[in-house]
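Trainee: Sequence isn't available, so here's the structure alone:
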């Protein structure tokens, strides 16, 4: 017997994880798979993949909305209806399955088609499993939701939530129950000395991919990745910030590819960050700063706005990010770049003769620490190992031409 935990937004990572666990359960001869569900909803295409796999499962699938305080909203309703046995812990809720668009609110004609399609699917699942079809229709058309007790009274779920407050209680209630699968009628054996319970949680890679699909995390990855890249571009050489920024941006774009993102909001966020970048390299507070602040603010509000309340970024997070971006780009980076330009324009002669330390192998170019800052440096007479003392011989813009300083010189 297997207990599979599903928590958070339903996305391709979640769908692939559930499918792999059902495949393994069938191959391993498992008697039942219990899906512990807590989700605000997610992508229609991922939900349908999961529904199809549950319907085709040769192993009985029990979907338990739990622990107390959990929910099965939107796409989660379809998983509950698709299960062979549906159960909920006390103080949980189910419903609000009205479809939403990946780009925000649906146009009238498209909304009608999407609603009819979703309602038809949920009604068919209700008929297949003998559950309440009226609630299924209302959950899609009117975003109706039910608590656990109401769901049991309305025959939406199969087990009394008073008896399924935990996995242990659920196992006791399930024992001896008969369910019909594509492989025929199965009798559940969920208690006794011969029953082995295997608890499954997503692996590290699955957790990472699933975590970055959290809207707030994806939003922060995008902004912080941009910060890191701009910082790296303003510095001589290539460092950790550039690599980390690139990775953060790739992960954020993966998240935005699977999340219900408002395209106009995403464009505004990127435009705002681009405006800030221009402001940094023109080294002046002005129209670019104002444009970047307003664009980032508007884009952040629209990014997940109008999609679903459960998939929105907190206004507090948006406020902190916008103010921090204004300070980072408008002051910190601008002041740093002005100082570097001033040193390059007026202090070239003063750099000649200064000593420092190679911070990477100079073969022939790398990074060096001179006069309290990291500089791009080129070895004049052969390679110089990292950690060696160096002396500046001449300056070419922001590039220092250096020689190794031998001991005693």
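Mentor: Arrived safely. Computed from a predicted structure; not experimentally measured.

Trainee: Now for this structure, the helix or strand with the poorest mean pLDDT.
Mentor: Between all helices and strands in the chain, the lowest mean by mean pLDDT, DSSP states H and E belongs to helix 334-346, at a mean of 55.

Trainee: Please name the residues that touch residue 53.
Mentor: With contact set as C-beta atoms under 8 Å, 6 or more residues apart in numbering, residue 53 has these partners: 15, 18-19, 22. (Glycine included, C-beta is placed from N, CA and C.)

Trainee: what's the spacing between it and residue 182?
Mentor: 11 Å (C-beta to C-beta, to the nearest Å).

Trainee: what number of residues lie near the closest residue to residue 330 other than its chain neighbours?
Mentor: In this structure, residue 330 finds its nearest non-sequential neighbour in residue 289, 4.9 Å apart by C-beta to C-beta, 6 or more residues apart in numbering. Residue 289 has 21 neighbours, counted by other C-beta atoms under 10 Å.

Trainee: Tell me the buried residues in the longest helix along the chain?
Mentor: Ranked by number of residues, the top helix in the chain under DSSP state H is helix 108-129. With burial defined by 16 or more other C-beta atoms under 10 Å, the residues of helix 108-129 counted as buried are 114-115, 118-119, 121-123, 125-126, 129.

Trainee: swap in stretch 31-46?
Mentor: 31-44, 46.

Trainee: re earlier: now the next helix or strand after the longest helix of the chain, how far from the chain's geometric center?
Mentor: Next in sequence after helix 108-129, counting helices and strands by DSSP states H and E, comes helix 133-141. Its chain's C-alpha centre and that of helix 133-141 lie 30 Å apart, by C-alpha atoms, centre = their mean, to the nearest Å.

Trainee: where does residue 186 land in three-state SS?
Mentor: Secondary structure, DSSP: H, G, I helix; E, B strand; the rest coil: residue 186 is strand.

Trainee: pLDDT score assigned to it?
Mentor: Per-residue pLDDT puts residue 186 at 93.

Trainee: Next one: it from residue 160, what distance?
Mentor: In terms of C-beta to C-beta, residue 186 sits 22 Å off from residue 160.

Trainee: now residue 223
Mentor: In terms of C-beta to C-beta, residue 223 sits 47 Å off from residue 160.

Trainee: Looking at these two now, which is surrounded by more residues?
Mentor: residue 223 (22 against 15).

Trainee: buried set for stretch 62-78?
Mentor: Buried, per 16+ other C-beta under 10 Å, within stretch 62-78: 62-66, 70-78.

Trainee: Report the two of those separated the most.
Mentor: 62 and 74 (20.5 Å; C-beta to C-beta).

Trainee: Just name the closest of the contacts of residue 53 to residue 387, please.
Mentor: Closest to residue 387, out of all of those and judged by C-beta to C-beta, is residue 15, at 50.1 Å.

Trainee: helix, strand or coil for the residue nearest to residue 167 when sequence neighbours are not counted?
Mentor: Spatially, and ignoring its direct neighbours in sequence, residue 167 is nearest to residue 3 (6.3 Å; C-beta to C-beta, 6+ apart). Per three-state DSSP, the local secondary structure of residue 3 is strand.

Trainee: which regions of the stretch 301-409 of the chain lie under the pLDDT threshold?
Mentor: 306-311, 332-350, 407-409 (pLDDT under 70).

Trainee: same thing but 50
Mentor: Across the stretch 301-409 of the chain, the ranges flagged by pLDDT under 50 are 345-346.

Trainee: same thing with the chain?
Mentor: 101-107, 345-346.

Trainee: Domains in it, by residue range?
Mentor: The chain breaks down by automatic domain parsing into domains covering 2-206, 212-346, 349-404.

Trainee: Keep only those of the buried residues of stretch 62-78 that are in helices.
Mentor: Filtering the buried residues of stretch 62-78 for helices - DSSP H - leaves 75-78.

Trainee: from these, which is closest to residue 143?
Mentor: residue 77 (10.5 Å).

Trainee: And what about the residue lying closest to the closest one once chain neighbours are set aside, helix, strand or coil?
Mentor: Leaving aside its chain neighbours, residue 77 sits nearest to residue 97 (4.3 Å; criterion: C-beta to C-beta, 6+ apart). Assigned by three-state DSSP, the conformation of residue 97 is coil.

Trainee: For burial, what's the neighbour tally of residue 97?
Mentor: Neighbours of residue 97 (other C-beta under 10 Å): 32.

Trainee: Verify the stated contact: it with residue 142.
Mentor: No. Using C-beta atoms under 8 Å, residue 97 makes no contact with residue 142, being 9.8 Å away.

Trainee: picking that back up, pretty sure the residue nearest to residue 330 is in a strand, no?
Mentor: No. Judged by three-state DSSP, residue 289 forms no part of a strand; its state is helix.

Trainee: ok, it - contacts?
Mentor: 275-276, 279, 326, 329-330 are the contacts of residue 289 under C-beta under 8 Å, 6+ apart.

Trainee: Please report how far it lies from residue 281.
Mentor: Residue 289 sits 13 Å away from residue 281, going by C-beta to C-beta.

Trainee: repeat for residue 377
Mentor: Distance from residue 377 to residue 281, by C-beta to C-beta: 22 Å.

Trainee: My guess is residue 65 contacts residue 37. True?
Mentor: Yes. Counting by C-beta under 8 Å, residue 65 touches residue 37, with 5.3 Å between them.

Trainee: Overlap of the contact sets of the two?
Mentor: Contacts common to residue 65 and residue 37, judged by C-beta under 8 Å, 6+ apart, are 72, 76, 80.

Trainee: secondary structure element for the last one?
Mentor: Using DSSP H and E, residue 80 maps to helix 75-82.

Trainee: packing partners for that helix?
Mentor: Helices and strands touching helix 75-82, by 3 or more C-beta pairs under 8 Å, 6 or more residues apart in numbering; DSSP states H and E, are strand 33-38, helix 44-55, strand 61-65, strand 93-95, helix 108-129, helix 133-141.

Trainee: Thank you, goodbye.
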